[in-house]
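Participant: Let me see the structure of the following:
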Amino acid sequence: MSINEQINSFLQEIPETVKLVAVSKTKPLEAIQKAYDGGYRIFGENKVQELVAKQPELPNDIEWHFVGHLQSNKVKYIAPFVSLMHAVDSLKLLKEINKQALKNKRTIHCLLQFHIATEQSKFGLNLEEAQNILRSDEYQQFDNIQISGVMGMATFTNDQEQVRQEFRQLKFFFGQLKKEFFTNDLNFKEISMGMTGDYKIAIEEGSTMIRIGTAIFGDRYR
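Facilitator: Residues are numbered from 1 along each chain as shown. Here you go, the predicted structure:
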């Protein structure tokens with residue numbers, strides 16, 4: 001199937017309540033342009049240098065999501081245009097995002113990343129760390145960020161029950177934060193979980209946003 005056929009296949013399969021992020025990392029401009037020409041607008045990248053190179057070469061109404069681990073010193077390069085930061089895992093990073101958003105006269109939407117997998121190589125907060133950030137006086141001063149939900153990556157395993165339990169844990173964390181900090185905040189609504197190998201389980205467990213790369217664009221180019 002073509003890229004557009006793959007995207008349309010996903011859109012027909014997933015509920016209307018779930019947003020599809022077409023993860024275009026390592027893909028050439030032509031592949032993204034094809035998807036755009038077919039009507040799609042939501043793309044995800046995981047490397048700042050690659051996103052900064054692609055963004056000016058593509059239509060400016062693309063909704064860019066940054067889905068990778070982000071270093072504070074690179075926030076300034078994507079702050080002028082990024083729509084959603086999926087992997088925010090520290091107060092230091094939030095502070096820098098707020099600073100750069102203010103410089104660009106924007107509000108940047110962010111997801112708090114939780115560590116739900118068994119692999120230590122994956123990044124993310126635990127519940128207590130997230131609560132401490134949201135209770136901090138420093139966080140209360142941030143006027144140019146919007147915490148829109150949570151994000152997590154499950155363990156890379158064939159054990160579907162383990163994956164299900166990890167996604168269930170992320171949904172629980174979302175519920176705890178919603179109850180304690182965002183009860184009346186309609187913007188706090190996203191649970192970004194699920195990729196090519198596990199998105200069906202993620203949706204069953206409450207995902208509102210799936211990040212799909214390989215199943216749309218094929219194997220990585222490099």
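Participant: And the strands in the protein?
Facilitator: For the chain, the strands defined by DSSP state E occupy 19-23, 42-45, 63-66, 84-88, 108-114, 145-152, 190-192, 209-212.
Participant: Pipe the ones you listed into JSON lines and attach mean neighbour count, distance to Leu51 and mean pLDDT per row.
Facilitator: C-beta here means a position set from N, CA and C on the backbone, and glycine is covered the same way. Formatted as JSON lines, the strands of the chain follow (neighbours: other C-beta atoms under 10 Å; distance: least, C-beta to C-beta, whole Å; pLDDT from 0 to 100):
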{"stretch": "strand 19-23", "mean neighbour count": "22", "distance to Leu51": "12", "mean pLDDT": "98"}
{"stretch": "strand 42-45", "mean neighbour count": "23", "distance to Leu51": "4", "mean pLDDT": "98"}
{"stretch": "strand 63-66", "mean neighbour count": "21", "distance to Leu51": "7", "mean pLDDT": "98"}
{"stretch": "strand 84-88", "mean neighbour count": "25", "distance to Leu51": "11", "mean pLDDT": "97"}
{"stretch": "strand 108-114", "mean neighbour count": "25", "distance to Leu51": "14", "mean pLDDT": "98"}
{"stretch": "strand 145-152", "mean neighbour count": "24", "distance to Leu51": "17", "mean pLDDT": "98"}
{"stretch": "strand 190-192", "mean neighbour count": "23", "distance to Leu51": "17", "mean pLDDT": "98"}
{"stretch": "strand 209-212", "mean neighbour count": "24", "distance to Leu51": "14", "mean pLDDT": "97"}
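Participant: mind checking which of those is nearest Asn126?
Facilitator: With C-beta to C-beta, the closest approach to Asn126 among the strands of the chain belongs to strand 108-114: 7.1 Å.
Participant: Kindly export that closest one (C-alpha atoms) in CSV.
Facilitator: This file holds the C-alpha atoms of strand 108-114, laid out as CSV (Å, rounded to 0.1, in the frame of the first residue of the first chain):
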residue,chain,number,x,y,z
ILE,A,108,3.5,25.2,24.0
HIS,A,109,1.6,22.1,24.9
CYS,A,110,3.5,19.3,26.7
LEU,A,111,3.0,15.8,27.9
LEU,A,112,4.7,14.4,31.0
GLN,A,113,6.6,11.3,30.1
PHE,A,114,6.3,8.4,32.6
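Participant: if I look at Met85, how far off is Phe142?
Facilitator: Applying C-beta to C-beta, to the nearest Å, the value for Met85 to Phe142 is 13 Å.
Participant: oh, I was asking about Phe81
Facilitator: Distance from Phe81 to Phe142, by C-beta to C-beta: 20 Å.
Participant: still on that earlier bit, need the strands of the chain in JSON lines with distance to Glu57, can you?
Facilitator: JSON lines is the format used below for these (distance: least, C-beta to C-beta, whole Å):
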{"stretch": "strand 19-23", "distance to Glu57": "17"}
{"stretch": "strand 42-45", "distance to Glu57": "13"}
{"stretch": "strand 63-66", "distance to Glu57": "13"}
{"stretch": "strand 84-88", "distance to Glu57": "21"}
{"stretch": "strand 108-114", "distance to Glu57": "22"}
{"stretch": "strand 145-152", "distance to Glu57": "27"}
{"stretch": "strand 190-192", "distance to Glu57": "26"}
{"stretch": "strand 209-212", "distance to Glu57": "22"}
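Participant: Now do the same contact list for the residue nearest the centre of the chain.
Facilitator: In the chain, the centroid-proximal residue (C-alpha atoms, centre = their mean) is His86; its distance is 3.0 Å. By C-beta atoms under 8 Å, 6 or more residues apart in numbering, the contact set of His86 is Gly44, His65, Phe66, Val67, Leu111, Gln113, Met151, Ser192, Arg211.
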